[in-house]
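S.K.: coords below, sequence missing:
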């Protein structure tokens, strides 16, 4: 019985310490940093909507600071990036507030890039292709810049406040050891 009470005491003491840490009452290693929310003019905001239909899925994305830029990524529900489903994955972009859309296609060495995800950033759209292991940017004038290929064992995400910074997460081994990298896309 005393062993059980001792375990509960350790549990509640640990829970209390975690609560204090969460509320900032315990000294941390990084207390000398002054963290603030970014100014609203730096924080990109966007609206995103995902729709599932019988045969296809669609992600609609619209920039809040520039509502004329709208993107739609459409792919089959039975999406297999290594099969012929690539041909049915489409990126549609509008620059006139969704009054009309154009199919947007990008090629590397004659091979098309199939966009899976679009993240609106301030003045850019970050486009990620998992089938081609690459990403690129589209500016507000729909000009493509900086196609970058990456290795298959990483996850890529853009920094939301500074579009040139990319977050790369690499799994080192099967024990969930990961390494984090920031690099600047030039």
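M.R.: Here it is on my side, so go on. Everything numeric in this text was worked out from a predicted model, so none of it was measured.
S.K.: which element follows the helix or strand of the chain with the lowest mean pLDDT toward the C-terminus?
M.R.: Least confident helix or strand of the chain, by mean pLDDT, DSSP states H and E, is helix 2-22 with a mean of 46. Remark: after helix 2-22, the chain's next helix or strand is strand 46-52, criterion DSSP states H and E.
S.K.: and that following strand, which residues are buried?
M.R.: residue 46 (16 or more other Cβ atoms under 10 Å). (Each C-beta comes from the backbone N, C-alpha and C, glycine too.)
S.K.: after it, next one along is what?
M.R.: strand 56-63.
S.K.: what's the angle between that following strand and strand 46-52?
M.R.: 170 degrees (axes from the mean of the first three to the mean of the last three Cα atoms, to 10 degrees).
S.K.: tell me where the model's unsure across this structure.
M.R.: Counting by pLDDT under 70, the chain has low-confidence residues at 1-45, 78-88, 171-186.
S.K.: and the end-to-end length of stretch 147-163?
M.R.: Start and end residues of stretch 147-163 are separated by 14 Å (Cα to Cα, to the nearest Å).
S.K.: in it, what's buried?
M.R.: So, applying 16+ other Cβ under 10 Å, buried residues of stretch 147-163: 147, 150, 156, 158, 160, 163.
S.K.: ok, now stretch 64-81?
M.R.: 66, 69, 70, 71, 72, 73, 74, 75, 76, 79.
S.K.: the helix or strand containing the fourth one packs against which elements?
M.R.: Same thing as residue 71. Here residue 71 sits within strand 70-76, counting by DSSP H and E. Here strand 70-76 touches strand 56-63, strand 90-94, strand 117-121, going by 3 or more Cβ pairs under 8 Å, 6 or more residues apart in numbering; DSSP states H and E.
S.K.: same thing but 6 Å
M.R.: If you count contacts as 3 or more Cβ pairs under 6 Å, 6 or more residues apart in numbering; DSSP states H and E, strand 70-76 packs onto strand 56-63, strand 90-94.
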